[in-house]
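# sequence plus the predicted model coming up.
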Amino acid sequence: MRTKEKFAYIWDYYKLWIIAAVCACAFVIYMAGQAKNALSDYRFYVTMVGTNAGVGNDSKLYDGYLQYTGFDPLEEPVYFDNTCYFNYLSNKGVGNTYYERLVTYIEAGVQDAVIMEPEELASFGESGRLLDLEDEQCSAIREKYGQYFIYCTPEDEEYRDGSVAVGIDVSDSILMTEYQIYDTGCALGISAYSQNVDAVEMFLAYIFGEVQDGQ
Amino acid sequence: VQDMESMVVRERINKIVIYVILVIMAIIMLVPFAWMILTAVKTNQEAISVSPFYIFPQSGWHWENFATVWKSYNFFVLYKNTLLMIFFRVVCACLTATMAGYAFGRLEFPGKKPMFALVLIQMMIPSQIFIIPQYLMVSKLHILNTTAGLVFPGIVTAFGTYLLKTGYQGLPKDLEEAAGIDGCNIGQRFLFIMMPLTRSSMVSLGIFTALFAFKDLMWPMIVCTNSETTTLSAGLAKMQGQYGSDYPAMMASAVLAIVPMVVIYVIFQKQFVEGIATSGGKL
């Protein structure tokens, strides 16, 4: 039997298996390549809800923050999300895909900070998805920005007796003075499961125009 | 003779009434599409005008709206990502559902009923419940912003397993027994005898998977923050921010986004209708 005939014989009997094996190999190689180039965990992820201002990843605000913190976006990705539209005050985000995405990010610990209009943030804070700023890990933030705290009474019965600090009024920051992201004012809340409170602290320092040590 | 004539007249009137109702329904279905296409070629001023006389563009047909959005957003990348996601989801869903369906439909093994009950329970739970655990898995696997991440929730399908199980159960036992007598093992019986006979169910599943993948907004929006890896639906949602008040641009994007599905539908129209009839589902 000649080599060509041998191959023809093999192809006739095993073509399904050969095609399947080639497809499986291609799939594994493709996915491995994608995983290799995939993004690592976010160093800082902030969502600015309901704004049409240009404060996303291609903005001056974003570049300024990277410069201020020295984060390398390839090693320590930072994301400024300005494509999130829902009105928590009117319907608590029910049935809104953007709201569901925000909640997913908060529950998964991806989200670090949320920026909304102050009244809306206080209402959102009632759900318990924002960090209590009286918490130990926020001591430095409390010390610096305690006078700007926004309080609410959470829906959770455990906290119902007292009000909880869920946000910081950042209306005096560059978010309003330079970028006018909202009409009336703006406030920042820290996600309840954020692992990067230090990055939020740096963001606050940056938007309030504080000079970093050594600069 | 008079009775016959009156019957014919009645039948004709019935037919006319049915046709009128169908035409009205068709118009109701088509108006949003026509509105979308017409708005896409208007100026913004015309688009926001509520005057019924401005149904058609008054100052010419502005085809440049398409060019503007095409330039602003890389539609080639969006098409590529969407088609890749649809392709892999269809392949994975058909592959896993046919194997699981065969096992549940034709094989006997311990724990079969409780396991199938788990599949059914999964169908009864709202899909939003699974999003956080799925996101965490994708995140831990480091496949965020990748096609693999987009495909991930579609790798297995409870609906597909159920559909294929029903398909396999409907096949005569004799075929499998005859193959067994001829010396086929379970794998050969499945691959060469049974699987080809469930083609119509697989086509239905493929169509449903493709449609749901195309329409899926939530998952691509969550796993793809990068515009280079996102899909048409999520890309459109992002454009809403960019072109919030520019309705012609928004509509032009929407028209561009539906093009692949319209093309697929035109090509596979027969299979679409058959698939929906086979599975009893709705679009």
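Thanks, I have the structure now.
# what about the residue of the stretch 51-200 of chain B at minimum distance from chain A, how many neighbours?
Nearest residue of the stretch 51-200 of chain B to chain A (Cβ to the nearest Cβ) works out as B:Thr146 at 3.9 Å. From N, CA and C alone the C-beta is placed, and that goes for glycine too. By other Cβ atoms under 10 Å in any protein chain shown, the residues close to B:Thr146 number 26.
# what helix or strand does the residue most central in space within chain B sit in?
Central residue of chain B (Cα atoms, centre = their mean): B:Leu211, 0.6 Å from the mean position. Following DSSP states H and E, the helix or strand that holds B:Leu211 is helix B:199-215.
# thinking again about what came up before, hmm, the residue of the stretch 51-200 of chain B closest to chain A is touching A:Lys36, no?
No: because the distance of 9.8 Å does not satisfy Cβ atoms under 8 Å, B:Thr146 is recorded as not touching A:Lys36.
# how far does the longest helix along chain A sit from the chain's center?
Among all segments of chain A classified by DSSP state H, the helix with the greatest residue count is helix A:3-37. Relative to the chain's own centre, helix A:3-37 is displaced by 40 Å; criterion: Cα atoms, centre = their mean, to the nearest Å.
# contacts for the helix or strand that it is followed by next, please.
Going down the chain from helix A:3-37, the next helix or strand is strand A:44-49, by DSSP H and E. Contacts with strand A:44-49, where a contact means Cβ atoms under 8 Å, 6 or more residues apart in numbering or on different chains, come from A:55, A:65, A:69, A:71, A:76, A:78-82, A:84-86, A:88, A:98, A:102, A:105, A:110-116, A:120, A:175, A:181, A:196, A:199-200, A:202-203.
# in the stretch 101-250 of chain B, which ranges drop under the pLDDT threshold?
Within the stretch 101-250 of chain B, the stretches with pLDDT under 70 are B:241-244.
# still on that earlier bit, name the helices or strands packed onto the longest helix of chain A?
Packing partners of helix A:3-37 (3 or more Cβ pairs under 8 Å, 6 or more residues apart in numbering or on different chains; DSSP states H and E): helix B:147-151.
# up against chain B, what does chain A have?
In this structure, chain A approaches chain B at residues A:16, A:27, A:30-31, A:34-35, A:37-41, A:52, A:79, A:81-83, A:85, A:97-98, A:100-101, A:104-105, A:107-108, A:110, judged by Cβ under 8 Å from any Cβ of the partner chain.
# picking that back up, let's see which of the contacts of strand A:44-49 end up in strands.
Among the contacts of strand A:44-49, DSSP state E puts A:Val78, A:Tyr79, A:Phe80, A:Asp81, A:Asn82, A:Cys84, A:Ala113, A:Val114, A:Ile115, A:Met116 in strands.
# with adjacent residues omitted, what lies nearest to the fifth one?
Nearest-residue entry for A:Asn82: A:Gly56, 4.4 Å, with adjacent residues in sequence omitted and distances by Cβ to Cβ, 6 or more residues apart in numbering or on different chains.
# so that neighbour touches A:Cys84, yeah?
No: counting by Cβ under 8 Å, A:Gly56 sits too far from A:Cys84 to count as a contact (10.6 Å).
# more crowded one of these two?
Remark: of A:Gly56 and A:Cys84, A:Cys84 carries more neighbours, 23 against 18, as counted by other Cβ under 10 Å.
# what residues are bridge-paired with that one?
Under DSSP bridges, the beta-bridge partners of A:Cys84 are A:Val49.
# ok, it - contacts?
Residues near A:Cys84 by Cβ under 8 Å, 6+ apart: A:Thr47, A:Met48, A:Val49, A:Gly50, A:Tyr98, A:Arg101, A:Leu102.
# chain B: which of those residues is nearest?
Nearest to chain B, judged by Cβ to the nearest Cβ, of those is A:Arg101 at 5.3 Å.
# how many other residues sit next to that closest one?
Around A:Arg101 there are 26 other residues, counting by other Cβ under 10 Å.
# again, but for A:Glu75
Neighbours of A:Glu75 using other Cβ under 10 Å come to 8.
# so it touches A:Asp41, yeah?
No: between A:Glu75 and A:Asp41 there is no contact, the gap being 10.7 Å when judged by Cβ under 8 Å.
# residues from the stretch 51-200 of chain B in reach of chain A?
With Cβ under 8 Å from any Cβ as the criterion, the stretch 51-200 of chain B meets chain A at residues B:88, B:128, B:131-132, B:135-136, B:139, B:141-149, B:191.
# which of the residues you listed are buried, as a PyMOL select command?
Only the buried members of those end up in this PyMOL selection, burial being decided by 16 or more other Cβ atoms under 10 Å in any protein chain shown:
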select buried, chain B and resi 88+131+132+135+139+142+143+144+145+146+147+148+149+191
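# from the residues of the stretch 51-200 of chain B next to chain A, which land in helices?
B:Phe88, B:Gln128, B:Ile131, B:Ile132, B:Tyr135, B:Leu136, B:Ser139, B:Thr147, B:Ala148, B:Gly149.
# got a list of what the second one touches?
Contacts for B:Gln128 (Cβ under 8 Å, 6+ apart) come out as A:Glu100, B:Met218.
# please redo it, this time with the cut-off set to 10 Å
Taking Cβ atoms under 10 Å, 6 or more residues apart in numbering or on different chains as the contact definition, B:Gln128 lies against A:Glu100, A:Val103, A:Thr104, B:Met218.
# how about those residues, which pair is most distant?
Pairwise distances across those peak at 11.2 Å for A:Val103 and B:Met218 (criterion: Cβ to Cβ).
# now for the two: what residues contact both?
Shared contacts of A:Val103 and B:Met218 (Cβ under 10 Å, 6+ apart): B:Gln128, B:Ile131.
# excluding its backbone neighbours, what's nearest whatever residue of chain A ends up closest to chain B?
When you check chain A against chain B by Cβ to the nearest Cβ, the closest residue turns out to be A:Gln34, at 3.9 Å. Sequence neighbours aside, B:Thr146 is the residue nearest to A:Gln34 in space, at 3.9 Å (criterion: Cβ to Cβ, 6+ apart).
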